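> Output the structure for:
(chains A and B)
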Amino acid sequence: MSLSYVREEMVPPQPAPVRTTGVIAWARQNLFATPFDAVMTVIGVAFLIWAIPPIYNFIFPTFLGGDAVPPGGTVEDCRAAGAGACWAYISARMSFFIYGFYPPAEYWRPNLVFLLGALLIVPLLWPRAPFKRINALLFFVVYPIICYYLLNGGVFGLRRVPTEQWGGLLVTLIISLVGIICSMPIGILLALGRQSKLPIIKTLCVMFIELWRAVPLITILFMASIMLPLFMPQGTTVDKLLRALVGVTLFSSAYLAEVIRGGLQALPRGQYEAASSLGLSYWKSMGLIILPQALKHVIPGIVNSFIALFKDTSLVSIVGIFDLLNTVQAASSDINWSSPTQAVTGYLFAAFVFWIFCFAMSRYSIWMERRLDTGHKR
Amino acid sequence: MSEISETTVDREIDTSQMKISSTEVAIDIVGMHKWFGDFHVLRDINLRVMKGERIVIAGPSGSGKSTLIRCINRLEEHQQGDVVVNGVELTNDLKRIDEVRREVGMVFQHFNLFPHLTILQNLTLAPIWVRGIPKAEAEEAAMHYLERVKIPEQAAKYPGQLSGGQQQRVAIARSLCMQPRIMLFDEPTSALDPEMVKEVLEVMISLAEDGMTMLCVTHEMGFARQVANRVIFMDQGQIIEQNDPENFFSNPHHERTKLFLSQILH
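Prediction:
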């Protein structure tokens, strides 16, 4: 027998056998692969059939076949036996959920803030939109100043509205946006500082991170709003909302620093060395080589922190700030709308609003991650 | 030990531009010592490199070859002795270190291209941000060097889309864009498939032909024979022997060198 073999014809690629593609093949592989899988599939389907209709009936209004009272309904409809969620109550109290105790005559001011924010943030998040630098300058520098004077008033003949009257979604968005935008650069600096070769900077950063990470956010907020004034000289006051903002920002920057440090450590040493060997200074090699890669690697972790921050803003209610959740809670004792489903509907609404924002952040980050992938991981 | 290879490039080397200066010193290392913690990696290194020299540094792994050339652009810090590069003494002064690094190119074993930037951006980054050259001018120069390493068509791609040999040629072009006076090569072909070694060596040879001052840590003995004017053999952190390639290979003196060569030469 000869060991020699020479291929005379190359085999062209052929389509896959029918049994490995298509709907039936999918079902066989994913739903009925083993008898155990088949049983689990049947149980799962049975559970869905049992659970979905009541949930559907509770949430969806009558014209969609459910039991819920649509916006425009009356409190009597909500009090009727078997009524579902009382969406009429949500729509009636909507302005309270959005603006809190902001004077109704001045609603145009927060509305303008929302509008300006949307106009600036959409092109900023859309990579192909032009004028990125001007856009960023407007959003990060000019916009906050405009917002402050517009909402707070006291200039240009605008009536002064103290922050105690701000509330609802407005406050939730302010705290989370300021928290997200300010904690990012602080987190980056802390992460770099923790990797520094200079012992004093390193120690300070480690101490800061470990201190803020080890304390619950509730404690920080309590300290900021109740204990801080005791230590301050008589007569000086710092706005309560501002104190909460600083607390949330620093708390979240400590977490972000650790996430970013993970990204910095994941980069091969060769990247640092290549940057140095080209003569790039520390800040240039960080800004051009190291951080763009490190931050890209930890996008999921960063967004995780942002989502956590967004939801943690609801904790400011314990120091008497009326964020979205707190307004919902306060409105649930409104006797004009008291009905068996009033509180549940309120919480459903709050959950839905939080979910919309968090889900949007999550989808955007996934999209961004794919966009930034240059295929170096093979 | 990494594999010793005898890849040669089948062509005559054009020596017309290979001039070694007798007066201009490129690198002067005097009585240098270095420790990693308690480990004495480099011991009493004395090496003077004249402008235009092509030096191959050989030796078993762990002998301190890479550490030695990394001391020349301060990727590693030495603890004793003097290192003077292009007339600038390396100290803790960051300004001086950057000054030296601008004039010294380095090519790494694992290429170390920046994966988040295109090939063209990899090449223009340092000229733009370190030398302050306008973008258009930097891109023009970058394309010139890409043509020189024979891959101008890859300019818009990302490093992850290129083969190892192509990536290493880009890395060489990236260093050249800074118009360095000295090039350091740290095992530039060790991470490449045999088929790709040749294309990288070809680029290195053409650099030598242009009169570049080069220090190469390499196991490519064919390259040493063809291009180097001096071969340095290191063991246990010391320079054991140095000679011109012909005498180094045919007439080694130190026992350790003889042993090393007997294992690789047939």
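> Okay, B:Met183 and A:Phe306: tell me how far apart.
Applying CB to CB, to the nearest Å, the value for B:Met183 to A:Phe306 is 45 Å. The way it works is simple: take the backbone N, C-alpha and C, and place the C-beta from them, glycine included.
> Check A:Val316 too.
The spacing between A:Val316 and A:Phe306, counted by CB to CB, is 17 Å.
> Same check on B:Val200?
B:Val200 is 45 Å from A:Phe306, where distance means CB to CB.
> Same question for B:Lys157.
B:Lys157 is 33 Å from A:Phe306, by CB to CB.
> neighbour count winner among the two?
Using other CB atoms under 10 Å in any protein chain shown, the more surrounded residue of B:Lys157 and A:Phe306 is A:Phe306, with 21 against 17.
> That one: helix or strand, and which one exactly?
Assigned by DSSP states H and E, A:Phe306 falls within helix A:299-312.
> who touches the helix or strand following that helix?
For helix A:299-312, the succeeding helix or strand toward the C-terminus, using DSSP H and E, is helix A:324-331. Residues from elsewhere that reach helix A:324-331 (CB atoms under 8 Å, 6 or more residues apart in numbering or on different chains): A:93, A:96-97, A:100, A:167-169, A:171-172, A:314, A:316-317, A:322, A:337, A:346-347, A:349-350, A:353-354.
> Stretch B:17-30 too?
Applying CB under 8 Å, 6+ apart, the contact partners of stretch B:17-30 are B:45-54, B:71-72, B:81-87, B:181-182, B:208-211, B:213, B:215, B:229.
> buried residues in the host helix or strand of A:Ser95?
Taking DSSP H and E as the definition, one finds A:Ser95 inside helix A:94-99. Using 16 or more other CB atoms under 10 Å in any protein chain shown as the test for burial, helix A:94-99 gives A:Phe96, A:Phe97, A:Ile98, A:Tyr99.
> my guess is the third one meets A:Leu170, correct?
Yes: distance between A:Ile98 and A:Leu170: 6.4 Å, which falls inside the contact criterion (CB atoms under 8 Å).
> Between the two, which contacts overlap?
The contact lists of A:Ile98 and A:Leu170 share A:Pro110, where a contact means CB under 8 Å, 6+ apart.
> Output the contacting helices and strands for the helix holding A:Phe306.
Contacting helix A:299-312 under the criterion 3 or more CB pairs under 8 Å, 6 or more residues apart in numbering or on different chains; DSSP states H and E are the following elements: helix A:168-194, helix A:240-266, helix A:342-372.
> can you list the domains in chain A?
A:90-166, A:178-322+A:340-372 (automatic domain parsing).
> lowest average confidence, helix or strand, in the chain?
The chain I'm using is chain A. Confidence across the helices and strands of chain A bottoms out at helix A:228-231, with a mean of 74, counting by mean pLDDT, DSSP states H and E.
> that's the other chain; I wanted chain B
helix B:255-264 (a mean of 86).
> Need the residues that contact that helix.
Under the criterion CB under 8 Å, 6+ apart, residues B:4, B:6, B:58-60, B:221, B:233, B:235, B:240-241, B:248-249, B:252 lie in contact with helix B:255-264.
> any chance of these in CSV, plus pLDDT and distance to A:Val6?
What follows is these, written out as CSV (pLDDT from 0 to 100; distance: CB to CB, whole Å):
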residue, pLDDT, distance to A:Val6
B:Ile4, 66, 34
B:Glu6, 72, 30
B:Ala58, 92, 42
B:Gly59, 90, 44
B:Pro60, 88, 42
B:Met221, 89, 36
B:Phe233, 93, 46
B:Asp235, 91, 48
B:Ile240, 91, 50
B:Glu241, 92, 50
B:Phe248, 90, 45
B:Phe249, 89, 41
B:Pro252, 89, 46
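> From these, which land in helices?
Mapping these onto helices (DSSP state H) picks out B:Met221, B:Phe248, B:Phe249.
> Correct me if wrong: the second one contacts B:Phe233.
Yes: A contact is recorded between B:Phe248 and B:Phe233 when judged using CB under 8 Å, the distance being 7.3 Å.
> what's the overlap in contacts for these two?
Common contact partners of B:Phe248 and B:Phe233 (CB under 8 Å, 6+ apart): B:Glu241, B:Gln242, B:Thr257.
> Roughly how far does whichever residue of the stretch 51-200 of chain A sits closest to chain B sit from B:Leu215?
Taking CB to the nearest CB, chain B has its nearest neighbour within the stretch 51-200 of chain A at A:Lys197, 11.1 Å off. Note on A:Lys197: its distance to B:Leu215, by CB to CB, is 27 Å.
> In terms of neighbours, single out the busier of the two.
Using other CB under 10 Å, the more surrounded residue of A:Lys197 and B:Leu215 is B:Leu215, with 28 against 7.
> picking up where we left off before, in TSV, list the helices and strands packed on helix A:299-312 along with mean neighbour count.
As requested, the helices and strands packed on helix A:299-312 are exported to TSV (neighbours: other CB atoms under 10 Å in any protein chain shown):
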stretch	mean neighbour count
helix A:168-194	21
helix A:240-266	21
helix A:342-372	15
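> Now render those helices as a markdown table, adding mean pLDDT.
Formatted as a markdown table, these follow (pLDDT from 0 to 100):
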| stretch | mean pLDDT |
| --- | --- |
| helix A:168-194 | 92 |
| helix A:240-266 | 91 |
| helix A:342-372 | 89 |
